[in-house]
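Student: predicted coordinates and the sequence they were generated for:
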Amino acid sequence: MVLDKTTRYFSLQVPTQEVLYENLKKINVVDVKELSKFLHNIIDKLSGKLITPQTTSITNEKDRKDLVDIYIFFINKVVGRELKKENIIEDLTVAEVLSQHITIITDTILSRFQDIKKELTEKLTAISSNYLSDFDWKLNQILSSDHINIVQENTLFLNLTIKQNQNDSKQLLIELSKKELDHLLETFETINNTVQSLKI
């Protein structure tokens, strides 16, 4: 079956996401001797293992984390669309990844393809089994004083109604500070990326 391209890449269906793939070529700085292990560690992380992919080729922690994130995104897309070897190679070529790196990346992904697919399917099933059916929210302002100054902190109260498998539902009341709310939104973004990557 010939896979149609709706963007410059086989693994992307949304043109606005093409800008993300500009970062794929940053893997060119990784030594080929470390690349296979680095990629396997990325796949392990994608599979939920508590592991931090490392490479001596990238000393800046943010740069390394960004590279890990973009390849998790790429691998999700590749497996979600069940791309063939030639499609993966073409996507990486368009992204200006070096040919030697392309071979290692493609072989690594294909060697773990079924494991990745199983993990992503389980994630999607876990997300789908319980779902949010309703919610309400309230914003409170908490005041405290230490006799020197008054501290004001906004706190969000979320009342969630969760629908479960057997048509049962339960109520969850969550109290969130601004920091906790920011973290929750980041988590939702990660979940959304996972779900989007599984859409074909």
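Tutor: Looks like it arrived, so ask away.

Student: correct me, but Asp44 touches Ile51?
Tutor: Yes - with contact defined as CB atoms under 8 Å, Asp44 reaches Ile51; the gap is 5.0 Å. For glycine as for every other residue, the C-beta is placed from the backbone atoms N, C-alpha and C.

Student: check contacts around Ile162.
Tutor: Contacts for Ile162 (CB atoms under 8 Å, 6 or more residues apart in numbering) come out as 130-133, 169-172.

Student: err, Asp63, not the other one
Tutor: Lys26.

Student: could you report the pLDDT at it?
Tutor: pLDDT for Asp63: 95.

Student: SS state for it?
Tutor: helix (DSSP: H, G, I helix; E, B strand; the rest coil).

Student: from the contacts of Ile162, which two are the most distant?
Tutor: Farthest pair in the contacts of Ile162 (CB to CB) is Tyr131 and Gln171. Separation: 14.4 Å.

Student: could I get the contacts of Ile162 as TSV with pLDDT and secondary structure?
Tutor: Output for the contacts of Ile162, formatted as TSV (pLDDT from 0 to 100; DSSP: H, G, I helix; E, B strand; the rest coil):
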residue	pLDDT	secondary structure
Asn130	70	coil
Tyr131	67	strand
Leu132	72	strand
Ser133	73	strand
Ser169	78	strand
Lys170	78	strand
Gln171	82	strand
Leu172	82	strand
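
Student: ok, of those residues, which one's closest to Lys62?
Tutor: Leu132 (32.5 Å).

Student: is it true that that closest one touches Gln164?
Tutor: No - counting by CB under 8 Å, Leu132 sits too far from Gln164 to count as a contact (11.2 Å).

Student: next, Pro53: phi, psi?
Tutor: phi -60, psi 130 (degrees, to the nearest 10).

Student: same deal with the one 4 residues further on?
Tutor: In this entry, Ser57 is assigned phi and psi values of phi -70, psi -20 (degrees, to the nearest 10).

Student: what's the nearest residue to it if we skip its chain neighbours?
Tutor: Nearest residue to Ser57, sequence neighbours excluded (CB to CB, 6 or more residues apart in numbering): Val30, at 4.6 Å.

Student: burial count for that neighbour?
Tutor: 20 (other CB atoms under 10 Å).

Student: how about it, what does it touch?
Tutor: Contacts of Val30 by CB under 8 Å, 6+ apart are 38, 55, 57-58, 101.

Student: closest to Leu120 among those residues?
Tutor: Phe38 (20.4 Å).

Student: the closest one and Ile51 touch, don't they?
Tutor: No - using CB under 8 Å as the test, Phe38 is too far from Ile51 to be in contact (11.1 Å).

Student: give me the more crowded residue out of these two.
Tutor: Phe38 (24 against 13).
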